[in-house]
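# What follows is a predicted protein model with its sequence.
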Amino acid sequence: MEQPTGTTTDQAPADPAATDDLLATQPVGYWSGLAHAAVTRHLRDAMAGIDATQPQYWVLNRVNGGPAAPVREEVVAQLSPLADGPHEIGRVVDQLLHRGWLRADAERRLHLTDAGEAARLRLRALVTELRAVVHQGIDDEEYAAALRVLRRMIANVEGAERP
């Protein structure tokens, strides 16, 4: 196993009141989990106010975003890793078809309807507003640095051999 480089800092128990000088001792899983839960709750609560869900937004963006219209199975395969369970995205596709935000053509390819595109644009505007709240006091350089650190941590553990 490759030896880690950099400073080895003793791991302290998670402490939501940790002062800045002790943050290097804090577990990243605890803090990244809190951030994920808080941001997701914030997004989902706001989306509920316009009768939409985050997974619906994912599906609308995926159907809109590719070079060719996807079939249901492609959407489910691509988005299920983000979902709360293996059947959630399939259900969302069904909801959006029923709601009239999606339609399927003769080859079973999914397309946004006018109502679906209008919903996607409303959700995009809402998400942009919410992002501004989440990023308040954080410039793009600082945000990108945080993501680079998280990406490196993921690569470190995914490439690590088990002892």
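Arrived safely.
# could you pull out the strands for this protein?
102-104, 110-112 (DSSP state E).
# could you dump those strands to TSV with mean pLDDT and distance to Val59?
To be clear about C-beta, it is placed using only N, CA and C from the backbone, and glycine gets the same treatment. Conversion of the strands of the chain to TSV gives the following (pLDDT from 0 to 100; distance: least, Cβ to Cβ, whole Å):
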stretch	mean pLDDT	distance to Val59
strand 102-104	97	8
strand 110-112	97	8
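# could I get these as a markdown table with mean neighbour count and distance to Ala38?
As requested, the strands of the chain are arranged in a markdown table below (neighbours: other Cβ atoms under 10 Å; distance: least, Cβ to Cβ, whole Å):
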| stretch | mean neighbour count | distance to Ala38 |
| --- | --- | --- |
| strand 102-104 | 18 | 30 |
| strand 110-112 | 19 | 30 |
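# give the contact list for Gln95.
With contact set as Cβ atoms under 8 Å, 6 or more residues apart in numbering, Gln95 has these partners: Gln56.
# Output the below-cut-off pLDDT ranges for this protein.
1-7, 160-163 (pLDDT under 70).
# try 50 this time
In the predicted model, the chain carries pLDDT under 50 at residues 1.
# My understanding was that Arg72 contacts Asp94; is that so?
No: if you go by Cβ atoms under 8 Å, Arg72 and Asp94 don't touch, sitting 9.0 Å apart.
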